[in-house]
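# how does the following fold in three dimensions:
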Amino acid sequence: MDIKVPDIGDFNEVPVVSVLVSVGDTVAEEDALIELESDKATMEVPSPAAGKITEIKVSEGDKVSEGTVIMVIEAADGAADDTPAEAPATPAAPTAVEATGQATGKGDIHAEVVVLGSGPGGYSAAFRAADLGKSVVLIEKHDRLGGVCLNVGCIPSKALLHMAKVITEAEETAEHGLKFGKPEIDLDGLRAFKDGVVGKLTGGLDGLAKGRKVKVVKGYGTFTGPNMIDVEGTTVSFDQCIIAAGSEPVTLPFIPHDDPRVIDSTGALELADIPERMLVLGGGIIGLEMACVYDALGTKVTVVELMDQIIPGADKDTVKPLMNRIKDRYENILLKTKVTAVEAKDDGLHVTFEDDKGESFTDRFDKVLVAVGRRPNGKKIDADKAGVAVDDRGFIAVDNQQRTGVPHIFAIGDVVGQPMLAHKAVHEGKVAAEVCAGHKRFFDAKIIPSVAYTDPEVAWCGVTETQAKAEGIAYEKGVFPWAASGRSLSLGRSEGSTKLLFDPKDQRVIGGCIVGPNAGDLIAEVALAIEMGADAVDLGHTIHPHPTLSETVNFAAEMFEGTITDLMPPKKKKH
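Residues are numbered from 1 along each chain as shown. As a prediction, this is how the structure comes out:
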């Protein structure tokens with residue numbers, strides 16, 4: 001029996017990186033025979049039957065495609081055909097009606113676990129459930145897997161933010177003796193780079209789904225019962241379901257959203273043009289990240305925020321370096337100000353503002369980016385028809401195993417509440433999948449880091465100083481200014497700082513805030529310290545490489561301990 005390369009997705013001439021068996025080996029059905037590796041995914045080709053390998057037709061380094069004969073097997077049951085190795089048939093659906101989740105009837109497609117939504121949380125749940133032996137269907141309304149994050153959110157925005165950083169760094173090196181000419185902006189090239197990054201990741205997900213035999217069903221899915229989802233005419237039944245339906249941008253009633261000059265984050269990432277003047281409505285993470293991109297490309301940016309600071313979730317002292325930097329670059333930053341009207345005219349969008357004193361004024365912009373938050377999609381999937389309760393905002397309540405009020409239906413990610421972050425959804429998805437497989441798992445993360453990929457980056461986790469003061473949490477802190485960091489100075493960026501908060505009783509780390517280049521990477525050490533129950537001595541006595549920005553975490557702990565030698569140790573103050 002010839003063993004051929006099965007359908008491996010949109011891949012051709014994929015190199016063989018490992019041959020996992022030898023002539024004479026006896027293999028079981030589904031045992032891995034060879035390993036392939038493309039630029040998007042690593043895949044194993046399984047044996048279609050049990051038997052003895054009699055001939056191997058490929059070697060490491062050879063390139064194969066779908067249908068390539070890779071081995072010959074003497075099948076144990078005497079079967080012989082030339083069909084490629086394929087996934088086993090989907091198991092038949094149970095028919096008993098039980099509250100535990102067995103199906104009331106079989107749909108056009110049935111799986112033990114159905115995941116509704118393929119964002120980072122959804123695909124993580126689907127892949128983990130498959131790895132644990134479950135038959136899995138993954139439903140996605142868009143053409144590509146990955147959800148908002150990979151397609152029109154986290155990933156494309158970071159690709160553009162990298163390009164923005166290159167532009168601004170080139171501008172600012174002039175004062176250090178290195179001058180470049182004004183960059184020539186090729187929008188088609190920028191879009192191609194962004195789309196290429198997205199394509200590699202989403203294509204990789206296709207390969208990972210195929211490799212795990214996760215069946216992908218494209219279309220908008222809505223519940224029709226406790227064990228059934230309709231996907232635009234195709235019925236999908238399940239024993240257990242994980243809702244990963246995500247969220248969408250908030251819209252405001254007084255804004256003409258049918259005008260193409262009014263955009264949300266998705267529209268901003270399309271990079272249709274470079275407007276001369278743009279208003280960013282909302283001074284949170286999404287708005288400021290997009291402001292960074294368009295400012296670097298040459299747009300005159302105005303940011304309006306209802307609160308008294310940008311990025312309201314972070315401490316004021318942490319966002320101050322970012323505020324100081326962008327107030328000199330942007331055309332205007334309006335705090336404690338709201339937008340009351342937007343009128344579309346031929347010469348632009350005329351926006352009326354009202355400040356905290358009640359005074360109104362109007363300005364004209366070529367584009368308005370609405371970035372005032374996101375709302376969960378809980379109400380858009382007819383969850384009530386499955387018996388799942390959804391509150392007025394669209395959130396679905398879950399327990400610490402991600403179960404909804406219906407025991408066999410779980411929910412993860414944006415639809416279960418704040419913070420609406422991809423990395424939270426991933427961990428929730430794995431918990432839900434493992435509980436579906438019978439594991440005793442709980443979502444018990446102590447902290448969830450937040451990052452604004454602005455310039456400079458702002459990152460925090462655990463208890464913030466603002467939160468501690470508001471909730472009466474006792475704390476002491478250590479703050480290290482990056483002006484004393486050799487690595488920061490060598491980057492030409494001295495405005496950053498690292499702040500750690502400690503429990504006065506046992507000196508354990510309870511929170512941290514970092515602002516500066518690569519703060520989003522550095523915050524992971526603080527997150528780990530909190531999860532592991534590390535104290536100031538643990539951080540202070542951990543040798544960090546020099547000169548690095550990571551040293552600032554070490555130095556902040558030493559500032560708290562009073563053992564710092566790079567600065568004068570401060571006098572301790574209790575809060």
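
# buried residues in the lengthiest helix in the chain?
As assigned by DSSP state H, the longest helix anywhere in the chain is helix 187-211. Across helix 187-211, burial judged by 16 or more other Cβ atoms under 10 Å covers 190-191, 193-194, 197-199, 201-211. (Each C-beta comes from the backbone N, C-alpha and C, glycine too.)

# how far does the helix or strand harbouring Ala164 sit from its chain's centre?
Assigned by DSSP states H and E, Ala164 falls within helix 154-172. With Cα atoms, centre = their mean, to the nearest Å as the basis, helix 154-172 stands 18 Å off its chain's centre.

# buried set for the lowest-mean-pLDDT helix or strand in the chain?
Among the helices and strands of the chain, strand 42-46 carries the lowest confidence by mean pLDDT, DSSP states H and E, at a mean of 75. By neighbour count on 16+ other Cβ under 10 Å, the buried set for strand 42-46 is 43, 45-46.

# closest one to His142 out of these, please.
Using Cβ to Cβ, Met43 comes nearest to His142 of those, at 23.3 Å.

# what does the spatially most central residue of the chain show for phi and psi?
By Cα atoms, centre = their mean, the chain has its centre lying nearest to Ala422, at 3.3 Å. Torsion angles at Ala422 (phi, psi; degrees, to the nearest 10) stand at phi -60, psi -40.

# so who does it touch?
119-121, 149, 153-154 (Cβ atoms under 8 Å, 6 or more residues apart in numbering).

# out of the residues you listed, which is most surrounded?
Gly121 (35 neighbours; other Cβ atoms under 10 Å).

# how far off helix 154-172 does the helix or strand containing that one point, in degrees?
Using DSSP H and E, Gly121 falls within helix 120-131. Going by axes from the mean of the first three to the mean of the last three Cα atoms, to 10 degrees, helix 120-131 is angled at 130 degrees with respect to helix 154-172.

# residues in contact with Glu140?
So Glu140 contacts 117-118, 122, 147, 216-218 (Cβ under 8 Å, 6+ apart).

# which residue in those residues has the weakest pLDDT?
Ranked by pLDDT, the contacts of Glu140 bottom out at Gly147 (88).

# ok, so what distance separates the closest residue to that one other than its chain neighbours from Pro226?
Of all residues beyond its chain neighbours, the one nearest Gly147 is Gly119 (2.5 Å), with distances taken as Cβ to Cβ, 6 or more residues apart in numbering. Gly119 sits 24 Å away from Pro226, taking Cβ to Cβ, to the nearest Å as the criterion.

# cool, and Phe442?
Applying Cβ to Cβ to Phe442 and Pro226 gives a distance of 24 Å.

# the more surrounded of those two?
Remark: of Phe442 and Pro226, Pro226 carries more neighbours, 19 against 12, as counted by other Cβ under 10 Å.

# quick one: pLDDT of the closest residue to Gly405 other than its chain neighbours?
Excluding the flanking residues, the one nearest Gly405 by Cβ to Cβ, 6+ apart is Ala389, at 5.4 Å. If you check Ala389, the pLDDT there is 95.
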